[in-house]
Each structure stands twice: as structure tokens, then as C-alpha cells.
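>>> sequence-free structure coming up:
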DNA sequence: AACAATTAAGTAAGTACTCACGTTTAATAA
DNA sequence: TTATTAAACGTGAGTACTTACTTAATTGTT
């Protein structure tokens, strides 16, 4: 649905069900028939987010070559298309607005990274993994917020730091 | 004011002026006398945020020793007290909810970092600065969101990476 | 008395949500 | 093929309540 766009632009609480209905070109009642709640509508979007997260990570988690795990993690942002920005922006926005903890979704990725850094004999694999994840999250945030940050220079720069 | 706490907990749009008034123990009308708008109330909080940002950075920007600039940047989070978490959480929350660009506030810090990395003969001072700022922002975000992330291990780990 | 600080009681517009009603779809019975 | 039927789809007007904001009256201070 195109309701997503509204949520992404204005946020959850600022987007009324009547606005969503108008934007989607349907009656307001239909939303409640279909999703029961405003919360249900949002939950549907959140669920979609979780599955997109998983398919984004799938490629990395299955990788066995440790250097590839790291390389794919750093370049993961290249795998999301500009047309999906609204969607991802909403995911980040909701994490703040509704205080949803996103740690759980990242856990498989973190484990893969810890494993990879261990194999490469890094001194503190867990910290290395945390650091890299903070970085990915940070760049994604900056991009989606429309920051000035030049991700296209930063990502190659990072790859170099990890000898990739 | 203690209105801040409400904004920080629930967000801007989810916090009504009547709630704020009740929490602050004053009449609702007084808020509008004093701040004119709900937006004015928030702007006051935002302004306070900007000044706290500045005083937090002041120490770093004035530093001449390049290594100290980097060290102080990494350990800047140690300078904010737990009692101020609500305040900072709100600043981060509003950046997402109201799409406020925070780049400008960071610019003096970034310039200090670029300068420091240049003096230390790093290859890409600007990228180094960006990277470090993304880290700081990311760690702060994680802490304020109540993530599991162990910042007390990550910060010393980072210091080590920069030979500090 | 004069003047600012504060309030209680409004207001119109919006909010999430319900419900009685019509319409389309699709499977079965003739 | 048609006719019947039942569910799913969809609507629009209504609900009780909340929203940001106003204003006339009341309080406190000098």
C-alpha cells in the first residue's frame, strides 16, 4: 500500500487514519476492516520490514569466507534501491517513535561477524562486530535522514581499513 | 521544565499540551502565554539542546593537541550524566520525528577532527572525521535507545584503535 | 489602583473507530 | 449455461473523545 509513504514522511502519530485512507484512495472504514487497528496497520508494515531485513542478511549469514562476510556487510547499503528509501526510513523512524528495540533483528548478522573476525584472528571479535554494526547503522541513518554525509566515499574508505 | 520528560518518553506528536500542563502542574493556557505555540515549546527545548551541544564541544574545539582532539571526541559520551539522558534522547527523537538536520551542529567538531587527522598525517582526514562522527552518533543512539550494546567496552576499544 | 501572572471554561477541528448498509465475487445447485 | 446464496469487500455517515488554541475573568505583586 501507499500508506507507507505517509507514515514514512510524517511518522506514526502524525499520520491519521483518515489521511491514510485518502492517500490510498479508499474509505476509512476499510482500513479497520483489513487491519483492525491503526496499530495493526503499522504492525503489518513492521512485519514486512522484518522479512526484508532477513532477506537482506541471508546472503551474508550463509557466506563462509570470513573476509567476504565483512565485505558484504560493509557494502550492504549498496543493495538497497533508492525506491525503497521510504520504506527503510519508516523502519528507522518507528524505532525511535515507538521505542522498538532492533537488536534482535541484527543478531544473526552480529554472530556471523563475530565468527568472521574470530577466524581472522582479530583480538576482540565481539567489539569489532559491534563497531562495524554501529557504523552500518550510522551510515544508513545519515543517508535516510538526508544528511550531507558522502557514503560513496566512506564505504570504500572502510573497505580499505579492513584490507578488502 | 519537566515537560521535557514527557516529550522524551512519548515523542512530540504523542504528547498533548494538556498532558504537558498537567505534568508541569500549571494550566494549559499558561503554556500558550509563555511559548505561543506547541511548536514554540518544542523550539525552546531545541534551543536549549543547541546550547548544550556547544558547551559539550567547546572543550574539544579549543584543544590544539591533535591526539587530544580525537581522544576527547571518543570519550565525549562520558561527559553526559545519566540524569541528562531524557534530554538527549529527546534531541535524537526529534531529529527523526521532525526531520531536523543535525549536521550543522556537528560542523565545528568535524572541522576540528579534520584538522587533527591532517596534522597526524592520516591519508583521508575528511573520511576519518566522518567515520568517527558516525561512530559517536551511532553509539549515542544505541545507548539512548536502550540497546544491549556495551559502550563501556566499545569506547576503550576505539581508543586503542587510534593508539590513545 | 495598576499591571502582570495565571486560570477555568470554552471552541472548532480532528482523532481512532463502529456500524448498518450496499456491492462484488465465487462456489454450488438447477 | 443460469440462478441462488453466502461470504468477503467496500462505503459513508455517525460516535465519543481529544486536540491545539482562545479568551474573559481571577488572582497575586508592587
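Good, I have the coordinates. Source: prediction; values computed, not measured. Numbers count the residues shown, from 1 in each chain, chains lettered A, B, ... in the order given.
>>> near DNA strand C, which residues of chain A?
Residues of chain A lying close to DNA strand C (Cβ under 7 Å from any atom of the strand) are A:15-19, A:28-29, A:32-33, A:36-39. In this view, the C-beta of every residue, glycine as well, is placed from N, C-alpha and C.
>>> now for the helix or strand of chain A with the lowest mean pLDDT, which elements pack on it?
When each helix and strand of chain A is scored by mean pLDDT, DSSP states H and E, helix A:3-10 comes last, with a mean of 73. In this structure, helix A:3-10 makes packing contacts with helix A:17-24, helix A:38-61, helix A:85-97, judged by 3 or more Cβ pairs under 8 Å, 6 or more residues apart in numbering or on different chains; DSSP states H and E.
>>> please see if the shortest one touches DNA strand D.
It stands for helix A:17-24. No. Using Cβ under 7 Å from any atom of the strand, helix A:17-24 never reaches DNA strand D; the gap is at least 7.6 Å.
>>> and the helix or strand just after that helix, average pLDDT?
Helices and strands here follow DSSP states H and E; after helix A:17-24, the next one along the chain is helix A:28-35. Helix A:28-35 shows a mean pLDDT of 92.
>>> could you give the average pLDDT over the helix or strand where residue A:130 lies?
In this structure, residue A:130 sits in helix A:125-144 according to DSSP H and E. For helix A:125-144, mean pLDDT rounds to 96.
>>> can you check stretch A:149-164 too?
Regarding stretch A:149-164, the rounded mean pLDDT is 95.
>>> and for stretch A:63-71?
Mean per-residue pLDDT for stretch A:63-71: 96.
>>> please see if that stretch touches chain B.
No. Stretch A:63-71 stays clear of chain B (Cβ under 8 Å from any Cβ of the partner chain), getting no nearer than 15.5 Å.
>>> so which bits of that stretch are buried?
For stretch A:63-71, the buried set under the neighbour-count rule, 16 or more other Cβ atoms under 10 Å in any protein chain shown, comprises A:63, A:66, A:69-71.
>>> please apply the same query to stretch A:5-23.
So stretch A:5-23, judged by 16+ other Cβ under 10 Å, has buried residues A:5-8, A:10-15, A:17, A:20-21.
>>> give me the contacts around stretch A:101-109.
Under the criterion Cβ atoms under 8 Å, 6 or more residues apart in numbering or on different chains, residues A:50, A:53-54, A:57, A:60-61, A:73, A:95, A:133, B:145-149 lie in contact with stretch A:101-109.
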